[in-house]
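*Asks:* I'll drop the sequence and a predicted model, then ask my questions.
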Amino acid sequence: MMPNFLLNRWHGYRTVWASLLMLVLVILLSWFNWIIGLAALCCVILFGVSLLRAELTFRRELDEYIAGLSFRIRRVEEEAVSTLPFGLILYDNQYTVEWHNRYIGSMFGRKTLVGTSLEECFPRFVDAYQQAKEEARKESSKEVRFELPHGHLTIELIILPDERLIYLQDVTTFADLRDRHEEERLALGIVFLDNFDEASQGMDDQQRTSLIARVATRITDWAKNYGIYVRRLSSERYLLLLNQKSLRELEQSRFVILDEIREMTADLKVPLTLSVGVGFGAGSISELGELAQSSLDMALGRGGDQAAVKADQRLSFYGGKSNAVEKRTRVRARVIAHALRDLMLDSDQVLIMGHKIPDMDVVGAAIGMLKAADMYDVDAYIVLDKVNPSIEKMMERIELDERLSVRFITPDEALNAMTEQTLLVVVDTHKSSMTIEPKLVDRAKRVVVVDHHRRGEEFINDAVLVYLEPYASSTCELVTELLQYIHDKVQFTTLEATSLLAGIIVDTKHFALHTGSRTFEAAGFLRRNGADTVLVQRMLKEDLGDYIAKAEIIKHAKIIHNHVALAVTEPGHQVPQLLIAQVADSLLNMNNVHASFVISERMDGLIGISARSLGKMNVQVVMERLGGGGHLTNAAVQLEGSIEYAESRLREVLDQMEKEEGLFE
């Protein structure tokens, strides 16, 4: 309804028009009779005075109305802001509260927080705000959002930096639902008995059944303790259904079941070990199954006795304290040999390639694969780029052999010669990025991988044939076994057999480390077929200058964590990677040294760390945390930065592992 003074205003407008009409009439009347016109003029004047009074009254009433309405609006605004179901805070440049609504006072149980620091109200406010602000900047957002705990509540803060205004909202219920949803997300796992056949070999049916029952009971009890549903699929395989909460607890316990099963079966000649693969974060059950299986393959490829967890984009490993168990049967070697033979016969040529900076294990294994192709008259070539000092003497011997020397080609020549029917054999590595020429892997239609290193996250997944056995001492050992099954009568030249034996000797440190019965069987086979041990020693001879350089680095070594030798070269002093590795090997010969680490600047400017152990420490896990990898007893990493940075990173990892589970078994 329109206010009265506005109605009066409407009537006033009509009066003005009437006055104008009356003035026109006065003028007309004065034209005919001035007396009547004078009387009419007086009437018009009186009417104008009343009109002026009405206008003044209107203005006064309008001002009073506006003032009253403004007061009511301000009162309603204040009441609305004070009673909003969320908080408002204005702060200054020092993050001090300047004003807040009533909701904030009730939240903190105080009448006012004006003058109080936001850091005092919300511990870690500044750090959380700066971090969220950086994320908002990347997303080009004008508002900053993050959550902070407040007692038993979870508070969401929405900050407008330009206005220095904060909106606070209690999102405890939503956060609880979100956390509950995350905790109840499904994960799928597979437990596999690594070496059941080897551990139960020689047992009768009753003993085997008893062993299976003991293991099954322990796994079932372990699963119940962590709220996991377990289903036995076979004597060697179990299925796990769990949620994220249980998975988090398993990771915190570092999959203690691995140690329990190994210790429970320690009385056997070959203790039983487990491998666990867990997949989490996929959108469907089938994808979870694929993640779990690939995780298990990863754990087995790294030697078993460990757990691999693929959660979203994260890949974590637990366990892996023991060496890979050597397989007593050669059934797989025979199957792989026959499959490799068929692939070679179906190819127009075979290209053989190893990792960058090839060592004797690469060259020896490549020569062995070359021999396998020659047995079936298939053209084969070894891809080699630069000759590094570690294989210089071996290559000098090969250069004297006219038949063998012409089989070495450059990466460019290999790329030009490759066809769709070419078979590429990758030896001593399973990572495409570590090969001499990754383009060959990308271009090859068929790839075979033969390697003895523990499987890493990067892998040539589209390989048609994979022979990866971490228990083996070297790739040369694996190739030697394949050669015994790939053809009935393999005849080696002295140089071929010696090259394979040299690869085994180098990787085992003269049969001192990482050897099994099959290692000596392979070496014996090569020796019977013409391998010359004296020639191996000539290939392994080192220069006096290198020996002195190693002694200079060893001079700066120090003992940390009681049994770890650490040698760090001086900044700016560049050392070949081979020399770094040799120093790490030499440090293992010292008394009470169970593991060694050598840090030095390489010739390419990167910082190289070589790690070695006698088996009591898994140096592969140490190097993986720094971004590298390798074997349980032999690993390395290359870092960018300075010597000091690399040393501090290594010490941090060792300190962390010491706190988590100890460095040594």
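*Replies:* Arrived safely, thanks for sending. Numbers count the residues shown, from 1 in each chain.
*Asks:* any idea how far residue 285 lies from residue 275?
*Replies:* If you measure residue 285 against residue 275 using Cβ to Cβ, to the nearest Å, the figure is 22 Å. Placement of C-beta: from N, CA and C, glycine included.
*Asks:* tell me which of the two has more neighbours.
*Replies:* It is residue 275, of residue 285 and residue 275, that has more neighbours when counted by other Cβ atoms under 10 Å, with 27 against 10.
*Asks:* just say helix, strand or coil for that one.
*Replies:* With DSSP: H, G, I helix; E, B strand; the rest coil as the basis, residue 275 sits in strand.
*Asks:* how about residue 318?
*Replies:* Classified using three-state DSSP, residue 318 is strand.
*Asks:* now do the helices in the stretch 251-400 of the chain.
*Replies:* Residue ranges of the helices in the stretch 251-400 of the chain, as given by DSSP state H, counting those that start in this stretch, are 257-264, 285-301, 331-345, 360-375, 392-399.
*Asks:* from the contact counts, what lies against the helix or strand that comes right after the last one?
*Replies:* Heading C-terminal from helix 392-399, the first helix or strand you meet, by DSSP states H and E, is helix 402-405. In terms of contacts (3 or more Cβ pairs under 8 Å, 6 or more residues apart in numbering; DSSP states H and E), helix 402-405 is packed against helix 392-399.
*Asks:* is it correct that residue 189 falls within a strand?
*Replies:* Yes. Residue 189 forms part of a strand when assessed by three-state DSSP.
*Asks:* isn't it right up against residue 288?
*Replies:* No. Using Cβ atoms under 8 Å as the test, residue 189 is too far from residue 288 to be in contact (9.5 Å).
*Asks:* what do these two both touch?
*Replies:* Common neighbours of residue 189 and residue 288 (criterion: Cβ atoms under 8 Å, 6 or more residues apart in numbering): residue 279.
*Asks:* the two: which is more packed in?
*Replies:* residue 189 (27 against 21).
*Asks:* who does the more buried one form a beta bridge with?
*Replies:* Applying DSSP bridges to residue 189 gives these bridge partners: residue 240, residue 278.
*Asks:* could you pull out the strands for the stretch 501-650 of the chain?
*Replies:* 558-560, 564-568, 595-601, 607-613, 629-630, 634-639 (DSSP state E, counting those that start in this stretch).
*Asks:* show the end-to-end separation of stretch 575-594, please.
*Replies:* 24 Å (Cα to Cα, to the nearest Å).
*Asks:* now that stretch: average pLDDT?
*Replies:* Regarding stretch 575-594, the rounded mean pLDDT is 88.
*Asks:* let me see the residues that make contact with that stretch.
*Replies:* Contacts of stretch 575-594 (Cβ under 8 Å, 6+ apart): 357, 388-390, 509, 542, 546, 549-550, 553-554, 557, 559, 562-565, 567, 569, 595-598, 600-603, 608-614, 616-617, 636, 664.
*Asks:* give me that answer again for 7 Å
*Replies:* Residues outside stretch 575-594 that contact it (Cβ atoms under 7 Å, 6 or more residues apart in numbering): 357, 388-390, 509, 546, 549-550, 553-554, 557, 563, 565, 567, 569, 596-598, 600-603, 608, 610-614, 616-617, 664.
*Asks:* before we move on, the earlier item: can you say which of the helices of the stretch 251-400 of the chain is nearest to residue 434?
*Replies:* Between residue 434 and these, the tightest spacing by Cβ to Cβ is seen for helix 360-375, at 10.9 Å.
*Asks:* next, the angle from that closest one to helix 331-345.
*Replies:* 60 degrees (axes from the mean of the first three to the mean of the last three Cα atoms, to 10 degrees).
*Asks:* check which helices and strands helix 360-375 is in contact with.
*Replies:* Applying 3 or more Cβ pairs under 7 Å, 6 or more residues apart in numbering; DSSP states H and E, one finds that helix 360-375 makes contact with helix 331-345, strand 349-353, strand 380-383, strand 422-427, helix 475-486, helix 494-507.
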